[in-house]
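[1] Need a 3D model of the following:
(2 chains)
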There are 2 protein chains.
Amino acid sequence: MKKQLTIGLFGFGCVGTGLYEVLNKTTLLQASIKHIVIKDLSKKRIIDANYFSTDADRILDDEEINVVVELINDYEAAYEIVTKALKSGKHVVSANKKLIAYYLDELISLAKENQVSFLYEASVGGSIPIIRNLEEYYNNDSLSNINGIVNGTTNYILTKTGEGESFDEALKNAQDLGFAELDPTSDVDGFDAKYKLVLLLKHAFGFTAKQDAVWNYGIRQLKDWDATYAREKGLKIKLLAFGTRINNQVIGFVAPHLIPANHFAFNVENEFNAVVVEALFSDKQLFLGKGAGSHPTASAVLSDISALQFDYAYEYKKSKTEERLTFENDFSLKVYVSATTQEKLDEVEFADTLETYSGQSHSYKIGLIRYSEIQKMDWNAASEYFLAVVPDSVELDTKSILSASESTELIEELS
Amino acid sequence: MKKQLTIGLFGFGCVGTGLYEVLNKTTLLQASIKHIVIKDLSKKRIIDANYFSTDADRILDDEEINVVVELINDYEAAYEIVTKALKSGKHVVSANKKLIAYYLDELISLAKENQVSFLYEASVGGSIPIIRNLEEYYNNDSLSNINGIVNGTTNYILTKTGEGESFDEALKNAQDLGFAELDPTSDVDGFDAKYKLVLLLKHAFGFTAKQDAVWNYGIRQLKDWDATYAREKGLKIKLLAFGTRINNQVIGFVAPHLIPANHFAFNVENEFNAVVVEALFSDKQLFLGKGAGSHPTASAVLSDISALQFDYAYEYKKSKTEERLTFENDFSLKVYVSATTQEKLDEVEFADTLETYSGQSHSYKIGLIRYSEIQKMDWNAASEYFLAVVPDSVELDTKSILSASESTELIEELS
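    Below you'll find the predicted structure:
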């Protein structure tokens, strides 16, 4: 039975405006926006001023409104709105990955208690229907690996550094084009990608990772020589959110990867996002699409709204199995590390070294580092270094990650 | 409310065996196979002989069996089984694209009349959840274009010809490896891809194309010089199932395409399949995965079975709009045509020629041909020729297709 959907919208920025336009243009869905709550009433809007107020209760106390769409930036304010809405028995559609990564289990419980749906497809991968596919299509399949390019800003910058621009030039251009914020920290230091990874890990493995337990290293420290190294080797540097399951353990982190030409993500450029899912039965799958933008993101919100017509709710089937998964920190990574001087490079403790280069401008090493060793430094702030994970090949993505015993073995074998 | 699913299975080949294994290995779904009907009882099977018989009625007359999974090759025999099963009030899951392309509307009506579901995710793109995504995720978005590599056998052969093997060698190797049948007609002449295209057109545009109205041209006539041409230009030859909507008209055909390195499908090699969907709001998306194989295909069947627990049925929302779409035949294609002699090449009537090459071994032309002109010849049988569509660029895929008025304009402009 289809329900009449009456929407209260929080936020009327890029995605909110897109949603309004998309709802107006589609003839395939009967849903209407009744009221929009914004921060600043003085801004000029494309629609009638009567729609707007700054009073959240105009939506939260309106019994006719059965769907709250939350599209604001401030995740603490969003927390207030979303929890109140769920408690008022309203369905919530959100694109706020930071909110969800911080409060995932609490929000899931709250939705369940109040018998409403809490959907957030637009929070990961923009237009790519990755959460829905993990929920609906891979719910009976056992997943081993999920990784992807989930931040369009850094992928745009990396596309440009791959073409020869410096990081600073590329960031400036991205800011001028509106792809990057004035304070780019959340994007370039990998926080945004990490929030998304937390959601992917939940739907892929049923595991709620504490967002502050997940290592996020971005691309701020990428030097020209790193880009040159990748280009000369026929590789590309991509910022991947990476999650893998080994037995009952989950590994998850965000870091730049040096990927070869046969990697699924090699041709994913500019603002595009892509997620690779590896499953026991269905094998390796790629989902690729626009990771940001007004209409692509709004289309994901629209799709959630549409699903509410049929009382759709996430099942979190992977969370319901009996297995107790733990977050694994005891493994080694195969990495490339460059440093401005050989002395600086020598300060990084490699468990094993496979290649070294020492030059006038910089030096680098390729080898195995224990993850616990990596954790000792704030790499985002370490301007002398750049680090990238080196997967052996696309077929062996997970081979760059070795469990503690495997890495001990390998290290013994190599030395 | 979840239902107990009791399955009657027709066929126990590669996919049927895979389904049995996959059902056994997953702990996430409660469904059991009660009986399996096969053609040949004398073959050795991996499970207890008690499961098997050659008597279709053992399944069709068993009231406890509420799901029929049809995985046989013979599409006429499958028609008998599927129609009887639907009439008996059983849900049907099928991977039989030929059956469905021939009888789509009839089978949809029959399922509706009998209030059961007829699902067929495994029939297109193996493990790729393309039908489900078109149904569930793009149901509110207006699609403009769908195209993809949907035949793994020809993609494997084309990967090898791209690497320097001749078509005959590549076909022979594919046959030795079990990727191609002894009579490869259905794959190499594009019939298999056409059946799948008919299903994609239905779910993307709501339009039922008569399978015999869709042009299918395969890769049987690919010569070494065509592969060399592609390689020298940095292009690849890919067999694409192509569907596009222009206003209320649908264009659909299967033909080899010469695609550039920035095309989404460029790196889709070997037995992989990929489908690109272009939509008004969500923009361009790619779905990539294994298009064939026992477990990948079985995983798609399993996903349909799982959906039946919740009484899932396709909605065919795009078919329910008021628009009357027609199949368009009056347009031009930009193509590359090679021929064994200049005389033979001159027999092909180009509306406009953009490039010509004449040599000792062969000659070729690039230009515009009216689609009605193409239809006059059985290209699959024309051993003197090879034809490939030339998209101008990945961003302009549909630009290689011009409506009648546009092509007249362009031809005037150029001449």
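
[2] which residues of chain A fall in helices?
    Using DSSP state H, the helices of chain A run over A:14-25, A:57-60, A:75-87, A:97-113, A:130-136, A:152-162, A:167-176, A:185-188, A:191-205, A:224-232, A:294-308, A:342-346, A:371-374, A:404-414.

[3] Out of the ones you listed, which is closest to B:L86?
    Ranking the helices of chain A by distance to B:L86, with CB to CB as the measure, places helix A:130-136 first at 23.8 Å. Heads up, the C-betas are built off the backbone N, CA and C, glycines and all.

[4] Who are the packing partners of that closest one?
    For helix A:130-136, the packing partners by 3 or more CB pairs under 8 Å, 6 or more residues apart in numbering or on different chains; DSSP states H and E come out as strand A:143-149, helix A:191-205, strand A:272-279, helix B:130-136.

[5] Could I get those in TSV, plus columns for mean neighbour count, mean pLDDT and distance to A:A339?
    Converted to TSV, those look like this (neighbours: other CB atoms under 10 Å in any protein chain shown; pLDDT from 0 to 100; distance: least, CB to CB, whole Å):
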stretch	mean neighbour count	mean pLDDT	distance to A:A339
strand A:143-149	24	94	26
helix A:191-205	26	97	24
strand A:272-279	25	94	30
helix B:130-136	24	94	45
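
[6] Adding distance to B:F281, write those out as a markdown table.
    Below are the helices and strands packed on helix A:130-136 laid out as a markdown table (distance: least, CB to CB, whole Å):
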| stretch | distance to B:F281 |
| --- | --- |
| strand A:143-149 | 21 |
| helix A:191-205 | 21 |
| strand A:272-279 | 16 |
| helix B:130-136 | 14 |
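
[7] quick one, what contacts the closest residue to chain B within the stretch 51-200 of chain A?
    Distances between the stretch 51-200 of chain A and chain B by CB to the nearest CB are smallest at A:S127, namely 3.9 Å. Neighbouring residues of A:S127 by CB atoms under 8 Å, 6 or more residues apart in numbering or on different chains: A:G289, A:K290, A:G291, A:G293, A:P296, A:T297, A:S299, A:A300, B:F281, B:S282, B:D283, B:Q285.

[8] Swap in 7 Å and give it another go.
    Contacts for A:S127 (CB atoms under 7 Å, 6 or more residues apart in numbering or on different chains) come out as A:G289, A:K290, A:P296, A:T297, A:S299, A:A300, B:S282, B:D283, B:Q285.

[9] Got a PyMOL select line for the buried ones in these?
    Buried residues within those, by 16 or more other CB atoms under 10 Å in any protein chain shown, are selected in PyMOL with:
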select buried, (chain A and resi 289+290+296+297+299+300) or (chain B and resi 282+283+285)
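
[10] and the gap between the spatially closest residue to A:D224 that is not a sequence neighbour and B:E343?
    Sequence neighbours aside, A:S166 is the residue nearest to A:D224 in space, at 5.7 Å (criterion: CB to CB, 6 or more residues apart in numbering or on different chains). Per CB to CB, to the nearest Å, A:S166 is found 57 Å from B:E343.

[11] Name the nearest residue to A:Y103, sequence neighbours excluded.
    Per CB to CB, 6+ apart, closest to A:Y103 is A:Y79, 6.1 Å.

[12] how many neighbours does the one you found have?
    19 (other CB atoms under 10 Å in any protein chain shown).

[13] so it touches A:L104, yeah?
    No. Checked against CB atoms under 7 Å, the pair A:Y79 and A:L104 is beyond contact range at 11.7 Å.

[14] where in chain A is pLDDT low?
    For chain A, residues meeting the criterion pLDDT under 70 lie at A:1-2, A:322, A:392-415.

[15] Residue numbers of it in contact with chain B?
    A:22, A:26, A:28-29, A:127-129, A:132-133, A:136-137, A:139-141, A:264, A:266-267, A:281-290, A:295-296, A:298-299, A:302-303, A:306, A:317 (CB under 7 Å from any CB of the partner chain).

[16] Which residue ranges make up each domain of chain A?
    Annotated domains of chain A cover A:5-119, A:129-290+A:320-415 [automatic domain parsing].

[17] Next, format those as a markdown table and append distance to B:S186.
    Formatted as a markdown table, the domains of chain A follow (distance: least, CB to CB, whole Å):
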| stretch | distance to B:S186 |
| --- | --- |
| domain A:5-119 | 35 |
| domain A:129-290+A:320-415 | 24 |
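
[18] follow-up on the earlier one: and the residue nearest to A:Y103, how far is that from A:D55?
    Applying CB to CB, the value for A:Y79 to A:D55 is 18 Å.

[19] Count residues in the vicinity of the residue lying closest to A:E269 once chain neighbours are set aside, would you?
    In space, and not counting its chain neighbours, A:E269 is closest to A:T159: 4.5 Å by CB to CB, 6+ apart. The local packing of A:T159 (other CB under 10 Å) involves 19 other residues.

[20] Also the one 4 residues further on?
    One way to gauge burial is a neighbour count; for A:E163, by other CB under 10 Å, it gives 11.

[21] A:K238 versus that one, what's the distance?
    Using CB to CB, we find A:E163 at a distance of 14 Å from A:K238.
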